[in-house]
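Chemist: Let me see the structure of the following:
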Amino acid sequence: MSLLVVAAAVFVLRQDSTDGVLLVGTNSGYPPYEVLDAHGELVGFDIDLARHIGKKLNRRVVFNDMAFDALIVSLQQKKVDLVLAGLDITPKNKQEVDFVPYTPAEEIAKLSLLFWQKVPGDVTSFEDLPRLFDQAIICVQSGTSYVPLLEQIPGISPKVLTSMSDLIMDVKYKKSHACVFESAVAHAIAQEHPEFVVVDVNLPVGFVYEGTGIAIAKDRTDLYRDVDGAMQELHADGTIKALRERWFARSGGASKTTGFGFFISVLTQLARGAGVTILAAILAILLGIIGGMLFAIVGARKVFAPQIIKWLIAGYVFVVRGTPMYVQILIFYFVVPELLHVPFSPFMAGVLAVGCNSIAYVSEILRGTMNALPDGQWEAAHVLGYSRFQTLRYIVLPQVFRMALPSLANEGITITKDTSLLAAIGVLEVTRIAQNMNANLLKPIPIFLGVAIVYLLITSIISMVVSYLEKRVAQ
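Modeler: Next up, the predicted model:
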């Protein structure tokens, strides 16, 4: 309960501290709009544009790097004020949010296909692909307007993946024949990685696409007016033209750095996310132990509590253990804030989701251990004049935690590894940083090997601590 009180205080403070701040949602790994540089900092056209808008509005810009699928929902739930992520202006998206466009008209007549090393034949339209392949597998990012586009073309099987790095790696390793992007993005990828070949294709008949723009919630009319006015000023003074020349006319290829030095630099960047991973794991473990202990005590066979409470606890355990952790994280991030009218940050939502999941497992571990103790211990304590609280405090719980320590250690290791799922809601822990790095560098072997080493080090430390505690308890 104390953790929840602290969390509530954090939320209130966070709300009070957003005055004068412009919260911008984005999705890194999408050059030239938003990428991470060699120091792990967000850079790109959208990032610079957001900062210029912030200056015009006299507001400090804070970026929230999140999953692409979460951008519009986060905007509608007031988690962010604006979305700058190369978001498509389509009839469907315009029903959900308002847009301030920034793509020139000449750039919205085509899309681009990205092939690995060579184009298998003449391609001038999407309809040419089924002629070149028995069943054309084309990658597309989830949440984009290109998914329904590909679904309506016979002979094409769209493969929907969550991030741009997933798309281009899928093509590179020949899992898909090609992937589809906005032309500016495809050419930016090819400039950084010359092994890819870009083919520009005309938009299919009937496909409505009005370019890209800044997304704003429909009920934020004042903000829309301010941003639209700022954009007009930035167009007039040549700022946007200069940004486009900087980010859309770059040349040069990706860094060819390899070897042990590169691997060390990868580990250095991943170490930044390790702190977030460890903090999330510690908070989730504490929540799991405290909540699990309370649930185990109430649900134990020898503890008298209202039957309805025991049924509620059993129902909670049944539901949590029967649903995926990933789904629970999404519920805590999108659904629970709407129900409670409390704006959870991605980090807090993730910690609460992982911790509440752990409560179910810890409670079952402790309850089973508690029920395994001989009934005579409870009876002897009663004869000696111990209250039930004293029996739990001095006799039962010390034995339970000593016997359950190995199982609790396994749960702690599991929680630590489960924090990798927080990448889905934009928490910059180890896995999310690795995904962003791979989107820019396309070097999955050293990057994800580095992720494995970081998690192995963290879980090894947990194992050593538990081994030490087991020896101390056995003395």
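Chemist: all helices for the stretch 301-450 of the chain, in order.
Modeler: 307-321, 325-330, 336-340, 346-372, 375-383, 388-391, 397-418, 430-441, 444-474 (DSSP state H, counting those that start in this stretch).
Chemist: residues making contact with the helix or strand hosting Arg131?
Modeler: Arg131 belongs to helix 129-132 when assigned by DSSP states H and E. Helix 129-132 has contacts (CB atoms under 8 Å, 6 or more residues apart in numbering) with 113, 120-121, 123, 136, 138, 153-156, 177-178. For glycine as for every other residue, the C-beta is placed from the backbone atoms N, C-alpha and C.
Chemist: Now a PyMOL select for only the buried ones of the residues you listed.
Modeler: To isolate the buried members of those in PyMOL, using 16 or more other CB atoms under 10 Å:
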select buried, resi 113+123+136+138+153+156+177+178
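Chemist: and Val123, how far is that from Ser145?
Modeler: Relative to Ser145, Val123 is positioned 20 Å away (criterion: CB to CB, to the nearest Å).
Chemist: ugh, wrong one, Val336
Modeler: Separation of Val336 from Ser145 (CB to CB): 29 Å.
Chemist: Phe344 too?
Modeler: According to CB to CB, Phe344 and Ser145 sit 29 Å apart.
Chemist: And the longest helix along the chain, how far out from the chain middle?
Modeler: Using DSSP state H, we find that the single longest helix of the chain is helix 259-299. How far helix 259-299 lies from its chain's middle: 15 Å, per CA atoms, centre = their mean, to the nearest Å.
Chemist: same deal with stretch 384-403?
Modeler: For stretch 384-403, the distance to the chain centre is 42 Å (CA atoms, centre = their mean).
Chemist: buried residues in that stretch?
Modeler: 386, 391-392, 395-397, 400-401, 403.
Chemist: which among these gets closest to Gln191?
Modeler: The closest of the buried residues of stretch 384-403 to Gln191 turns out to be Phe401 (CB to CB; 58.2 Å).
Chemist: ok so, going back, can I get the helix holding Arg131 as PDB, trimmed to CA atoms?
Modeler: Presented in PDB, the C-alpha positions along helix 129-132 are these (Å, rounded to 0.1, in the frame of the first residue of the first chain):
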ATOM      1  CA  LEU A 129       4.900  -7.800 -57.200                       C
ATOM      2  CA  PRO A 130       2.600 -10.800 -57.600                       C
ATOM      3  CA  ARG A 131       4.100 -11.300 -61.100                       C
ATOM      4  CA  LEU A 132       7.600 -11.500 -59.700                       C
END
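Chemist: List the first helix or strand encountered after it toward the C-terminus.
Modeler: Once the chain leaves helix 129-132, the next helix or strand it forms, by DSSP H and E, is strand 136-141.
Chemist: After that next one, which helix or strand is next? Please name it.
Modeler: helix 146-151.
Chemist: Packing partners of the helix or strand just after that following helix?
Modeler: Scanning forward in sequence from helix 146-151 by DSSP H and E, the next helix or strand is strand 156-161. On a contact count with 3 or more CB pairs under 8 Å, 6 or more residues apart in numbering; DSSP states H and E, strand 156-161 meets strand 136-141, helix 146-151, helix 164-172.
Chemist: Redo those as TSV? Include distance to Ile413 and mean pLDDT.
Modeler: Converted to TSV, the helices and strands packed on strand 156-161 look like this (distance: least, CB to CB, whole Å; pLDDT from 0 to 100):
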stretch	distance to Ile413	mean pLDDT
strand 136-141	33	91
helix 146-151	37	84
helix 164-172	27	86
